[in-house]
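Q: Sequence first, then the predicted structure:
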Amino acid sequence: MAFCVFLQTQELTDKQRSLAGRYAQLEQILLRLAETSGSSNPQQATLLKKALIESKDKLLVRRFETLVNALERRQLTDAVTGQTEIEQDLLLLLKLLESASRDEKREQEKEKIKEFLRDLEEIIQKEKILKDQTHRQESQNLPTIEKDQRNIRSKAQTLRDRMAEYEGTSPQNENDADKSTESQEGESQEGESKEGESQEGQSQEEESKEGKSQESESKEGESLKGQPQESESQENQSQQQQQSRQEQTPTQQALQRAMERMRQAEQRLQQAEKEGAIEEQEEAIAELQRLKEELEKILRQLREEELMQTLEKLEARFKRMLQQEQTIRLQTEKLIEEAKGEPALEQRQIKIRADRLGIDQQAVVEDAEVALLLLREDGTAQAMVESLLQARFDMTEAKKRLDQTVLDTITLHIEDAIIEALQEMLDAIRQAMEETRQRQENSENQEQQGRPTEEPLIQILAELRMIRSMQRRVNERTTRYDTEIQQILEKPDADLGPFKQAVEELARQQNRISRILHELKIGRIK
């Protein structure tokens, strides 16, 4: 019986190990898909990155491995509990992959507003050119450019209709006012005609028979009966136009006002009124500029909302990483002191505790990978990305030394460098959060106009401070490597193999620092 239970447990362990391996492969596939679809399908790439971040945040790969270990030790209760928790997390991850998140909708909205802005800027430019052309034209030639003004108004109407479709409203047709006026004039003329016919009928009534008189009275009655219906129709049409204007958003209303100015400019051009046409064109341009400022303001608000959300995620993660690394640093120092003078039998306990610290260090590495995904997705904080890459390399080095129970001052120096980098990045994130809050509070002020709509995650001064600190750490590490290599070369069996990867990484870091400085310089020139 016990042998059968052993076989069943071994079978479960093998299946769980297979699932763990397949899920680890799935994470790699998600990463590759996110990278390859970045240019062709950015929305899908964003969603895949978020799913990967969620997976790493929940430490699913490590938890799968923990389940395998629990089954190997026949800790079935722990295994069942862990499997239930993982199943729930996988269901949440599946929902994330199956549905578009709010971030995707916000990104779509940003892209749509950018598209509207591009079209609006084109209309503004055309209207400015036409105004200059109007100024240069002789008055008698102004009717020849009326068609150009009408074409610009048509483009504005197309833009307004697209904005209305996107915003889910039904704007009043641009020609409704003209049609309403024409309809009222036509009805007035028709009423005058009917009145004349009625007077003529009354004149003939005195000379006609009684039957014709009754017929005329009947027609007059029908005419009078129809008048309230016509009045009611006009009132309904006016109400519909008013309701349509109320349904328009402020951006649509601004564009509508610009179009009305363009219509007035058309009439002035047709009547060869030069000064009046130029005045209407200037007013149209002013309305279009106000619309542009409003769209840019909306775009800034969306960007700042996105920034704040990303910064809040980063702050929570860096704060946790810093706390974990500070704990590892204290425990490492304590372990070094305890390892001195311990008998050989007690060294095994030192090794176990160092291994545990290595596991804790790996958890910090995984947190750093998630933070890297967030930073790369934003794409504006290059110096912070490089600083975190540098810190992650140090984390990996510290883990190797702890796994090998290399407990010395070099290990402590590496951990100190990690803490320093994490603290500096956390400070930069908190400063960026404060600046974003201030921008949100002052978003209504005039000085906010003209600010870039694509605000960077971290401001350039904070980036430069991080670059300076990175360069200092590279210099310190170069000096340390030189000292260690010289010590090794003094030995007869010198082996510099372990330093090869470290020196190559140091060269990569130096190249990246130079490249980031160059890109920041180019960005400032632009």
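A: Yep, that arrived.
Q: Low-confidence ranges, the stretch 351-500 of the chain, go.
A: Along the stretch 351-500 of the chain, the parts satisfying pLDDT under 70 run over 379-380, 443-458, 498.
Q: so where do the helices sit in it?
A: Taking DSSP state H, counting those that start in this stretch as the criterion, the stretch 351-500 of the chain carries its helices at 382-403, 409-441, 460-489, 497-525.
Q: among these, which is nearest K58?
A: If you check each of those against K58 by Cβ to Cβ, helix 382-403 wins as the nearest, at 19.7 Å. C-beta here means a position set from N, CA and C on the backbone, and glycine is covered the same way.
Q: Now do the closest one against helix 460-489, angle only.
A: Counting by axes from the mean of the first three to the mean of the last three Cα atoms, to 10 degrees, helix 382-403 lies at 30 degrees to helix 460-489.
Q: Could you shift the numbering so residue one becomes 290, and keep it that way?
A: Happy to do that; since the first residue is 290 now, the last one works out to helix 671-692.
Q: Quick one: list the elements packing against helix 671-692.
A: For helix 671-692, the helices and strands in contact under the criterion 3 or more Cβ pairs under 8 Å, 6 or more residues apart in numbering; DSSP states H and E are helix 563-628, helix 636-667, helix 698-730, helix 749-778, helix 786-814.
Q: List the buried residues for the shortest one?
A: It refers to helix 786-814. For helix 786-814, the buried set under the neighbour-count rule, 16 or more other Cβ atoms under 10 Å, comprises E794, L795, Q798, R801, I802, I805, L806, L809.
Q: could you dump the helices and strands packed on helix 671-692 to JSON lines with distance to S676?
A: Formatted as JSON lines, the entries for the helices and strands packed on helix 671-692 read as follows, by distance: least, Cβ to Cβ, whole Å:
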{"stretch": "helix 563-628", "distance to S676": "11"}
{"stretch": "helix 636-667", "distance to S676": "10"}
{"stretch": "helix 698-730", "distance to S676": "6"}
{"stretch": "helix 749-778", "distance to S676": "5"}
{"stretch": "helix 786-814", "distance to S676": "10"}
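Q: quick one: which of those is nearest M684?
A: When these are compared by Cβ to Cβ, helix 636-667 sits nearest M684, at 4.8 Å.
Q: May I see the buried residues of that closest one?
A: 639, 642-643, 646-647, 649-657, 659-667.
Q: cool, stretch 305-313 as well?
A: For stretch 305-313, a neighbour-count test (16+ other Cβ under 10 Å) marks Q305, R306, A309, Y312 as buried.
Q: Rounded mean pLDDT for that stretch, please.
A: The predicted model gives stretch 305-313 an average pLDDT of 87.
Q: residues making contact with it?
A: L349, V350, F353, E354, L356, V357, L360, A368 (Cβ atoms under 8 Å, 6 or more residues apart in numbering).
Q: Narrow the residues you listed to those in helices?
A: With helices taken from DSSP state H, the overlap with the contacts of stretch 305-313 comprises L349, V350, F353, E354, L356, V357, L360, A368.
Q: so which helix or strand takes in the most centrally placed residue in the chain?
A: Of all residues in the chain, the one closest to the mean position by Cα atoms, centre = their mean is E396, 4.7 Å from it. Assigned by DSSP states H and E, E396 belongs to helix 391-425.
Q: Which is the succeeding secondary structure element to that helix?
A: Per DSSP H and E, helix 391-425 leads on to helix 435-456 as the next helix or strand towards the C-terminus.
Q: How is this structure partitioned into domains?
A: In the assignment given by automatic domain parsing, the structural domains of the chain cover 290-388, 391-475+536-561, 591-815.
Q: Distance from the chain centre to the longest one, please.
A: From the chain centre to the centre of domain 591-815 is a distance of 25 Å (Cα atoms, centre = their mean, to the nearest Å).
Q: What of the first one?
A: For domain 290-388, the gap between its own C-alpha mean and the chain's C-alpha mean amounts to 28 Å (Cα atoms, centre = their mean).
Q: How much space separates the closest residue to L379 other than its chain neighbours from F682?
A: In space, not counting the residues next to it along the chain, L379 is nearest to L349; the distance is 7.6 Å by Cβ to Cβ, 6 or more residues apart in numbering. Per Cβ to Cβ, to the nearest Å, L349 is found 24 Å from F682.
Q: again with L584
A: Distance from L584 to F682, by Cβ to Cβ: 43 Å.
Q: one step back: reformat the domains of the chain as JSON lines; add distance to A575.
A: JSON lines is the format used below for the domains of the chain (distance: least, Cβ to Cβ, whole Å):
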{"stretch": "domain 290-388", "distance to A575": "36"}
{"stretch": "domain 391-475+536-561", "distance to A575": "8"}
{"stretch": "domain 591-815", "distance to A575": "14"}
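Q: To L577, which of those domains lies closest?
A: Closest to L577 of the domains of the chain is domain 391-475+536-561 (Cβ to Cβ; 4.8 Å).
Q: wait, which of the buried residues of helix 786-814 is closest to L753?
A: If you rank the buried residues of helix 786-814 by distance to L753 using Cβ to Cβ, L809 comes first, at 7.4 Å.
Q: residues in contact with the closest one?
A: For L809, the set of contacting residues under the criterion of Cβ under 8 Å, 6+ apart consists of Q671, A672, I749, E752, L753.
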